[in-house]
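# model this:
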Amino acid sequence: MGLNYSLGITFINEKDADVCSKEFFNQKIVLPDGNLAELFSYVSEHADNQKMQEKLYVLSVSINGLGNVDIDLRLFETSNFYTIRDFFYQYLRDLKKDFEFAHFELEAADYLMCAEEMTEDIAFLVKNLSVADEGAQKITGINPSEFLSKRYIDGIVISFKNYRKLKNAQSEFQIFKPNYYWLPLKEFKFSK
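Have a look, this model is predicted:
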């Protein structure tokens with residue numbers, strides 16, 4: 001399997017997750033150099049659905065070559081990586097379906113699929129060291145100073161319902177779109 005960067009989006013409605021997954025089928029992102037980044041997606045039930053009150057479904061969207069299997073190092077170049085990230089953030093901004101959490105990071109979809117209480121995890125990761133650079137360095141072998149220094153959880157988008165549960169970490173979040181909040185990346189800016 002390997003380690004891959006992915007966009008994970010958690011839904012309560014399985015049909016919404018399936019519809020969104022189909023939107024990524026055969027989708028490609030045009031990179032600044034004119035090359036294409038190919039996407040693939042699938043939907044899984046949350047690992048703990050049997051013991052949760054509210055069933056969750058996680059859409060996983062991965063990028064061919066943005067991991068440690070058939071690695072394409074050009075995808076890790078800042079302009080390409082940010083183009084991919086901007087694409088996903090724009091998708092989330094335009095998304096009309098309700099979701100609970102969305103995150104683009106190393107193994108983000110797997111993380112969302114296995115975290116039983118995301119708001120507790122977020123609160124912990126906001127206040128404690130959780131360096132994302134180490135994951136990128138493991139995959140690529142590139143010096144971590146080449147990557148934007150950030151916490152693993154930076155960049156996550158959460159619904160207002162989940163934002164309200166974050167009593168001690170709310171001050172770090174910004175409005176992403178109506179009813180959704182974003183934990184910003186330092187030094188990161190949208191391309192538009």
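
# what's around G141, how many residues?
The local packing of G141 (other CB atoms under 10 Å) involves 10 other residues. Backbone N, C-alpha and C define where each C-beta goes, glycine included.

# can you check F160 too?
11.

# for it, give its distance to D86.
According to CB to CB, to the nearest Å, F160 stands 23 Å off from D86.

# what's the answer for K55, then?
31 Å.

# give me the neighbour count for the residue nearest to D121 when sequence neighbours are not counted.
The shortest distance from D121 to any non-neighbouring residue, by CB to CB, 6 or more residues apart in numbering, is to A115 (5.1 Å). Residues within reach of A115, counting by other CB under 10 Å, total 20.

# then D18?
Neighbour count for D18, taken as other CB under 10 Å: 14.

# who are the packing partners of whichever strand or helix holds it?
Here D18 is covered by helix 14-23, with elements defined by DSSP states H and E. Contact here means 3 or more CB pairs under 8 Å, 6 or more residues apart in numbering; DSSP states H and E; on that basis helix 14-23 packs against strand 4-11, strand 36-45, strand 57-67.

# enumerate the positions of it that are buried.
D16, A17, C20, S21 (16 or more other CB atoms under 10 Å).

# show me which of these is closest to L125.
Distances from L125 to the buried residues of helix 14-23, taken as CB to CB, are shortest for A17 (23.9 Å).

# list the contacts of the closest one.
I9, F11, V43, Y57, V58, L59 (CB atoms under 8 Å, 6 or more residues apart in numbering).

# show the subsequent helix or strand relative to the lowest-mean-pLDDT helix or strand in the chain.
Sorting the helices and strands of the chain by mean pLDDT, DSSP states H and E puts helix 133-140 at the bottom, at a mean of 67. With elements assigned by DSSP H and E, the helix or strand that comes after helix 133-140 is strand 157-159.
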